[in-house]
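>>> this is a predicted model, with the sequence first.
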Amino acid sequence: QVTLKESGPALVEPTQTLTLTCSLSGVSLSSSGLRVNWLRQSPGKALEWLARIDWDDDKFYSTSLKTRLSISKDTSKNQVVLTMTNMDTVDTGTYYCARGANWLDPWGQGTRVTVSS
Amino acid sequence: DIVMTQSPATLSVSPGESATLSCRASQSVSTNLAWYQKKPGQAPRLLIYAASIRATGIPARFSGSGSGTEFTLTISGLQSEDFAVYFCHQHNHWPQTFGQGTKLEIK
């Protein structure tokens, strides 16, 4: 059974950099065809796709957030890391990681991030 | 970006009855559409992919239909565990986009 779990700070100050970790179990990050996405949902808004990293280290980013995002993987730890720079109050929300190239399955439970001073 | 519009925002239905949830795309997404269920404190759960194929382990009371711009998720014989938020997801166009969700509540 494949599971994903997000972790990271619950509170971030404006202008700081957010670092989130997605820990995978039941599958290796080096498995051919594996793709891991980061998404978020801000209060009152629809889910927003942020970034994806593939087993072969290909990386894809949201066009609107590309300058602030960086996605990477640590195969030895079986983790995917997302960093988002210059955090703002509008970045408050729940951040999810999910496996998939088309439909997404499974997802993590999400980690809530509040941006506030 | 493709805008996914779900209706209604909230749907009140009695247990045992059926619920019909709609999702409309601002342009055709073919059948590259998925449905998910979200309960508080839980991970979103894939229900339907390719517009009409039930994901592994999903009960037969969940069914999806549609293509192009109009899609429907039908839940027959609602059970207590089905009351949740449902959202649609298109992955036909870059970037993939999501509907805002329909909250299915007990009437």
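It's in. Residues are numbered from 1 along each chain as shown, chains lettered A, B, ... in the order given.
>>> please count neighbours and contacts with C-alpha atoms only from this point.
Noted.
>>> which parts of chain A sit against chain B?
Selection of chain A residues close to chain B by C-alpha under 8 Å from any C-alpha of the partner chain yields A:45-49, A:62, A:102-110.
>>> buried members of these into ChimeraX, please.
With 16 or more other C-alpha atoms under 10 Å in any protein chain shown as the burial test, the buried ones among the residues of chain A next to chain B are selected in ChimeraX as follows:
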select /A:46,47,48,49,62,102,103,104,105,106,107,108,109,110
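>>> low-confidence ranges in chain B?
Scanning chain B for pLDDT under 70 picks out no residues.
>>> and the residue of it closest to chain A?
B:A43 (3.9 Å; C-alpha to the nearest C-alpha).
>>> in a strand, that residue, correct?
No - with DSSP: H, G, I helix; E, B strand; the rest coil as the criterion, B:A43 is assigned coil and is not in a strand.
>>> what's the closest non-adjacent residue to it?
Nearest-residue entry for B:A43: A:Q109, 3.9 Å, with adjacent residues in sequence omitted and distances by C-alpha to C-alpha, 6 or more residues apart in numbering or on different chains.
>>> just confirm that neighbour contacts B:K39, I think it does.
No - between A:Q109 and B:K39 there is no contact under C-alpha atoms under 8 Å: 9.9 Å.
>>> ok so, going back, and the residue nearest to B:A43, how far from A:N78?
17 Å (C-alpha to C-alpha, to the nearest Å).
>>> where along chain A do the strands fall?
A:3-7, A:11-12, A:18-25, A:35-41, A:48-54, A:59-61, A:69-74, A:79-84, A:93-99, A:111-115 (DSSP state E).
>>> most tightly packed of those?
strand A:93-99 (a mean of 25; mean count of other C-alpha atoms under 10 Å in any protein chain shown).
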